[in-house]
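1. task: produce atomic coordinates for the following.
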Amino acid sequence: MSIAASPSSLEALPAPALRRAGAVARRRRVGRRRPPLALVAPAVVGAAAAVVPLWYLADRATSQGWSEVADELWQRRTLDLVVRSLALAGVVTALCVVIGVAAAWLVARADLPGRRVWQVALALPLAIPSYVSAFAWVSWKPWLAGFRGAVLVLVLASYPYVYLPVLAALRRLDPAHEEVARSLGWTPRKVVLLLTLRQVRPAIVAGALLVALYVLSDFGAVATMRFEAFTWVIYGAYRAGFNPAQAAILGTVLVAVAVVIVALEAHVRGSASFTRLGAGAPRPSRPLPLGRWRVAAVAFLVVVLAAAIAFPVAQVVHWMRRGADTGFDVARVASAVGATLRLSALAALAALAVAVPIGVLAARFRQRYVHVLERSTYVAHGLPGIVIAISLVFVGVRLLRPIYQETPLLVLAYVVLFLPLAVGTVRSSVEQLPVGLEEVARSLGHSPARVLARVTVPLAAPGLAAGAALVFLATMKELPATLLLRPTGTETLATELWKATSISDYAAAGPYALAIILLAAVPTALLSGLLTARADGPGDALP
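-> All right, here's what the predicted structure looks like:
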């Protein structure tokens, strides 16, 4: 059973659950013990790697003196960029929350026909890169370029970041809470708004944070839609090369915006703790009848999937049919597929290795510096890939010359970019494991490292695998950092696709776009299944 230790959610709990709520207080006391060095040391190293771009930005931004920084910050264009970027992030995040929460509730709680099919299908938009979707829409209707086109593409590409964690949280909730509330005379709407959504609030807020940071860092969609957000302007400044300090100053402003968003997420999420209490598994929920709203619910999901998946795929197939006469280089596509899979696998493994100590610390300990370590991993996620790439070029030339323009440096860039995806999944997985099992292992004389390896990691394995799948998926689609840091002669599906679409050769781009979609669909479906397994859980059957 998962409960939140807050008065608003305890009001509708049955008496036995209220008596067990004291276990939450015990968990908080446990959270104040001193973290073991075996976790703190690698977490510090991982957090330090995540903030490497800040060193570069500070160095370049102040290279021409603080007066240049002040002049750039006080320009009207900088304010306009902040307003446009925040407006884009705000609108996209709000729409993603509405779509993601509604879709998750329909799949987890309603008598929706074919719920298992919808469960996987609604996660598949993650398989389509935002720049592919943007190319599809703008090549069909050029007037979509601008703010509305960027909103359309980014909402369709990123709502699964809200849908998946909310679905997992809803699957773990014990329906007894909602049934008790209805027996007390609460209407279904009141139950959803005042009980269910409050209990899954951490999942909603965490998903919204990822969406907001993703929108701030996205380059492909805003560049294709010709919308002047921070990422496009920063990329243009770096590419021009005339004033790198200006680009660094703008990047610093973007970091400040990301810090504010991360702090806001921590405030909104609050201090309520969610953990697994008691034995056995929560009883499966009884699907609520939609009645006359069933047709509307199915129509809503069909429209979302048609716009997010069917239309981009149809456009890609159309591009390939136009280029069928000229054919395409099979060997070149196969080489790009191999490079993409290899780099994505390396990035997933490296990110998971860094994320485990940070995520476990964030889930089990409440010291202030632990929160700082966790939050520091989110800052770089709000930066465009071009800033991460150039900052690592800066570090590579100065400190890591042996791996400059080599695979390890590119993998490091992927880890810095996508570490929050793994950290958030690891943290939420460990949070919902019974604390008592780790306490028993420690009472038997096991060291913290052994408890982590023999108890925590095996029990949280589905969540850890989901985090690795999410990083693997994001790496397959990553573009700016790959363009700048890939080893000489290495081409991925994303770079080949970009080269073709940058000259509007959509026929040549078709095979690469289709290959990305098909390959990314596999980890996306796996991710959906892992999150469901995590919700129905390995820990649910524990005594």
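
2. quickly find the element holding the closest residue to Gly467 other than its chain neighbours.
-> The shortest distance from Gly467 to any non-neighbouring residue, by Cβ to Cβ, 6 or more residues apart in numbering, is to Thr425 (3.4 Å). From N, CA and C alone the C-beta is placed, and that goes for glycine too. Using DSSP states H and E, Thr425 sits in helix 407-431.

3. just checking, next helix/strand downstream of that helix?
-> helix 435-443.

4. which parts of that next one are buried?
-> Val435, Gly436, Leu437, Glu438, Ala441 (16 or more other Cβ atoms under 10 Å).

5. tell me how far the first one lies from Val370.
-> From Val435 over to Val370 the distance is 16 Å, taken as Cβ to Cβ, to the nearest Å.

6. neighbours around Pro434, how many?
-> Neighbourhood size, Pro434 [other Cβ atoms under 10 Å]: 20.

7. can you pull the contacts of Ser391?
-> Val52, Pro53, Trp55, Tyr56, Leu57 (Cβ atoms under 8 Å, 6 or more residues apart in numbering).

8. can you pull the pLDDT of it?
-> At Ser391, the pLDDT value in this model is 80.

9. and it, what helix or strand is that in?
-> helix 385-398.

10. cool, and Ile261?
-> helix 244-269.

11. what about the strands in this protein?
-> 2-4, 274-276 (DSSP state E).

12. compare those strands and say which comes out lowest on pLDDT.
-> Minimum mean pLDDT among the strands of the chain: strand 2-4, a mean of 39.

13. quick check: closest non-adjacent residue to Glu406.
-> Pro487 (5.7 Å).

14. contacts only, for that neighbour.
-> By Cβ under 8 Å, 6+ apart, the neighbours of Pro487 are Gln405, Glu406, Thr407, Leu410.

15. for the buried ones among those, write the corresponding PyMOL selection.
-> Selecting only the buried entries of the contacts of Pro487 in PyMOL, with 16+ other Cβ under 10 Å as the criterion:
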select buried, resi 406+407+410
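
16. helices and strands around the helix holding Thr425, which ones?
-> On a contact count with 3 or more Cβ pairs under 8 Å, 6 or more residues apart in numbering; DSSP states H and E, helix 407-431 meets helix 37-50, helix 160-172, helix 201-217, helix 330-364, helix 368-379, helix 385-398, helix 461-477, helix 480-485.

17. of those helices, which is nearest Ala299?
-> Ranking those by proximity to Ala299 (Cβ to Cβ) places helix 160-172 first, at 17.6 Å.

18. thinking Val44 is in contact with Leu373, fair?
-> Yes - look at Val44 against Leu373 with Cβ atoms under 8 Å: they come within range, at 6.7 Å.

19. between these two, tell me which one has more neighbours.
-> Leu373 (25 against 17).

20. so how far is Tyr56 from that one?
-> 20 Å.

21. ditto for Leu518
-> For Leu518, the distance to Tyr56 equals 36 Å [Cβ to Cβ].

22. still on that earlier bit, other SSEs contacting the helix holding Ile261?
-> Against helix 244-269 (3+ Cβ pairs under 8 Å, 6+ apart) you get helix 52-61, helix 66-73, helix 76-109, helix 201-217, helix 230-240, helix 368-379, helix 385-398.

23. show me what counts as buried in that helix.
-> Buried residues in helix 244-269 (16+ other Cβ under 10 Å): 244-255, 257-258, 261-262, 265-266, 269.

24. on that earlier part again, tell me what angle the helix holding Thr425 forms with helix 385-398.
-> 120 degrees (axes from the mean of the first three to the mean of the last three Cα atoms, to 10 degrees).

25. between helix 407-431 and helix 52-61, how many degrees?
-> Going by the same axes, to 10 degrees, helix 407-431 makes 130 degrees with helix 52-61.

26. so helix 407-431 versus helix 330-364, what angle?
-> 40 degrees.

27. out of the contacts of Ser391, which is most surrounded?
-> Pro53 (26 neighbours).

28. gap between the nearest residue to that one once chain neighbours are set aside and Glu406?
-> Nearest residue to Pro53 in three dimensions, chain neighbours excluded: Ser391, at 3.9 Å (Cβ to Cβ, 6+ apart). Using Cβ to Cβ, Ser391 is found at 17 Å from Glu406.

29. same deal with Ala481?
-> In terms of Cβ to Cβ, Ala481 sits 14 Å off from Glu406.

30. same question, Thr93
-> 37 Å.

31. please apply the same query to Ile358.
-> Taking Cβ to Cβ, one finds Ile358 at 26 Å from Glu406.

32. any idea which of the helices and strands packed on helix 244-269 is most buried?
-> Comparing the helices and strands packed on helix 244-269 by mean neighbour count (mean count of other Cβ atoms under 10 Å), helix 201-217 ranks first with a mean of 24.

33. test my guess that Tyr102 contacts Trp293.
-> To be clear, residue 102 is Ala; Tyr isn't right here. No - look at Ala102 against Trp293 with Cβ under 8 Å: they stay out of range, at 11.5 Å.

34. how about the contacts made by Ile261?
-> Ala89, Leu209, Ala212, Leu213, Leu216, Gly382.

35. wait, what's in contact with the closest residue in space to the first one that isn't next to it in sequence?
-> In this case it means Ala89. Excluding its sequence neighbours, the residue lying closest to Ala89 (Cβ to Cβ, 6+ apart) is Val215, at 4.4 Å. Residues near Val215 by Cβ under 8 Å, 6+ apart: Leu88, Ala89, Val92, Thr93, Leu154, Ser158.
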